[in-house]
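>>> Below is the structure, and that's it, no one-letter string:
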């Protein structure tokens with residue numbers, strides 16, 4: 001029986017989560033109906049546009065994504081501090097970008113005076129909305145509902161468009177995050193939809209590579225692709241907020257891995273990329289196994305043994321889930 005999200009998501013354990021949603025229709029999310037010949041490829045643009053818009057409302061960042069034929073992957077970062085920094089009015093305004101809110105919240109945003117009793121009642125709603133705006137479940141709900149409504153309208157039908165629940169994997173440490181991001185970015189290459197990562201349509205790696213062409217300092221945070229969680233370099237003191245790795249190192253690692261994963265093209269992990277794996281505590285064989293099948297390698301949690309045990313203790317699991325895989329794949 002599936003466990004509730006509250007027992008799978010813990011900010012104390014990690015702010016990073018890999019989520020997957022799958023379509024249930026024969027026509028697929030963005031594929032071609034082989035009976036009618038009609039193409040639904042334009043829906044990948046819908047999904048990518050909406051996905052990149054939502055971080056402007058939620059306190060959630062996008063580290064990686066790939067939109068496939070009948071499903072999509074996204075690696076999310078919960079930015080709890082950003083959510084806490086919002087004023088009550090900002091929370092209400094952000095919530096109104098998604099939903100109508102209440103009569104009290106509408107009056108509050110307009111600057112009307114509220115009685116003490118009305119303010120107490122409104123505060124309960126604001127606290128709940130602030131929590132939802134930092135929730136992976138609500139992020140995925142808003143995203144999937146918007147696409148389902150558009151698809152149903154286009155198809156002239158009603159009913160379920162997505163599977164009942166999206167799949168979620170907690171990425172417990174830097175090694176798990178890097179492996180999962182590479183797995184997501186290489187999905188089209190592995191599926192034969194693209195020859196190289198930078199030519200993979202509707203992926204974060206393509207978006208990052210396109211921005212890379214327009215700057216002479218690709219590792220600077222303010223020069224990286226807008227709408228994506230930035231790479232801020234290797235761990236150091238007084239580091240800005242972001243993924244603790246150099247963007248150019250990550251892209252080199254993904255490129256090397258993509259060459260190896262393609263059956264028609266030989267490749268090898270370069271010395272520069274190998275040094276990244278050494279810092280992460282992963283050898284090249286383990287890396288290739290994870291980036292070729294991250295979903296199959298891990299279930300609810302992904303990370304080293306110490307990170308896994310800590311997360312399971314915090315979530316009150318009786319025994320660590322996936323401990324054998326963790327010990328095998330992470331040094």
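Yes, it's here. Bear in mind the structure is a predicted one, so any value in this text is a computation, not a measurement. Numbering: from 1, shown residues only.

>>> Select the longest helix from this structure.
Secondary structure of the chain per DSSP state H: the longest helix is helix 136-155.

>>> The helix or strand following it - what's its average pLDDT?
Counting by DSSP states H and E, the next helix or strand C-terminal to helix 136-155 is strand 167-171. Averaged across strand 167-171, pLDDT comes to 93.

>>> which helices and strands does strand 167-171 pack with?
Other helices and strands packing on strand 167-171, by 3 or more CB pairs under 8 Å, 6 or more residues apart in numbering; DSSP states H and E, are strand 16-22, helix 174-185, helix 294-297, strand 301-302. For glycine as for every other residue, the C-beta is placed from the backbone atoms N, C-alpha and C.

>>> again, only using 10 Å
strand 16-22, strand 71-78, helix 136-155, helix 174-185, helix 294-297, strand 301-302, helix 305-314 (3 or more CB pairs under 10 Å, 6 or more residues apart in numbering; DSSP states H and E).

>>> What strands flank the shortest one, and is each parallel or antiparallel?
Using DSSP bridges, the strands paired with strand 301-302 are strand 167-171 (parallel).

>>> and the angle for the strand it pairs with with strand 16-22?
With axes from the mean of the first three to the mean of the last three CA atoms, to 10 degrees as the basis, strand 167-171 and strand 16-22 are set at 160 degrees to each other.

>>> Point out where the protein drops to low pLDDT.
Counting by pLDDT under 70, the chain shows low-confidence ranges at 1-10, 25-29, 237, 262-272, 331.

>>> how close does the residue nearest to the spatial centre of it get to residue 203?
Residue closest to the average C-alpha location in the chain (CA atoms, centre = their mean): residue 75, at 2.0 Å. Separation of residue 75 from residue 203 (CB to CB, to the nearest Å): 12 Å.

>>> For those two, list the residues in contact with both.
With contacts taken as CB atoms under 10 Å, 6 or more residues apart in numbering, residue 75 and residue 203 have 64-66, 184-185 as neighbours in common.

>>> Closest one of those residues to residue 93?
Using CB to CB, residue 65 is the member of these that sits closest to residue 93, with 26.2 Å.

>>> List the contacts of the residue nearest to that closest one when sequence neighbours are not counted.
If the residues on either side of it in the chain are set aside, residue 65 comes closest to residue 74, at 4.4 Å by CB to CB, 6 or more residues apart in numbering. Neighbouring residues of residue 74 by CB under 10 Å, 6+ apart: 17-21, 47, 51, 60, 62-67, 136, 139-140, 143, 166, 184, 204.

>>> For the residue of the chain positioned farthest from its centre, give me its contacts.
No residue in the chain sits farther from the centre than residue 115, which is 41.2 Å out by CA atoms, centre = their mean. Counting by CB under 10 Å, 6+ apart, residue 115 makes contact with 104, 121.

>>> what do you get for residue 163?
For residue 163, the contact set (CB under 10 Å, 6+ apart) comprises 20-24, 71, 144.

>>> Buried only: go through those residues for me.
Judged by neighbour count, with 16 or more other CB atoms under 10 Å as the criterion, the buried members of the contacts of residue 163 are 20-21, 23, 71, 144.

>>> is it possible to export the residues you listed to JSON lines including distance to residue 316?
Formatted as JSON lines, the buried ones among the contacts of residue 163 follow (distance: CB to CB, whole Å):
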{"residue": "20", "distance to residue 316": "25"}
{"residue": "21", "distance to residue 316": "27"}
{"residue": "23", "distance to residue 316": "34"}
{"residue": "71", "distance to residue 316": "31"}
{"residue": "144", "distance to residue 316": "29"}
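
>>> which of those lies closest to residue 240?
Out of the buried ones among the contacts of residue 163, the member with the shortest distance to residue 240 (by CB to CB) is residue 20, at 29.3 Å.

>>> Across the sheet, point out what pairs with the closest one.
Per DSSP bridges, the residues bridged to residue 20 are residue 73, residue 167.

>>> Pull the contacting residues for it.
Shown in contact with residue 20 (CB under 10 Å, 6+ apart): 66, 68, 71-74, 140, 163, 166-169, 184, 295.

>>> Now for those residues: which two are most distant?
Maximum pairwise distance in the contacts of residue 20, criterion CB to CB, is 18.3 Å, between 163 and 184.

>>> isn't residue 80 right next to residue 61, touching?
No: if you go by CB atoms under 10 Å, residue 80 and residue 61 don't touch, sitting 11.4 Å apart.

>>> For the two, indicate the residue with more neighbours.
residue 61 (21 against 12; other CB atoms under 10 Å).

>>> Could you check how far that one is from residue 81?
12 Å.

>>> Same check on residue 105?
24 Å.

>>> Same check on residue 32?
With CB to CB as the criterion, residue 32 and residue 81 are 44 Å apart.

>>> Which one's more surrounded, these two?
residue 32 (14 against 11).

>>> What separation is there between residue 288 and residue 279?
Remark: distance between residue 288 and residue 279 (CB to CB) = 17 Å.

>>> Same question for residue 47.
With the distance defined as CB to CB, residue 47 ends up 34 Å from residue 279.

>>> Same question for residue 302.
Look at residue 302 and residue 279: by CB to CB, they are 18 Å apart.

>>> Look at these two and report which has more neighbours.
The neighbour comparison of residue 302 against residue 279 (other CB under 10 Å) goes to residue 302, with 30 against 16.
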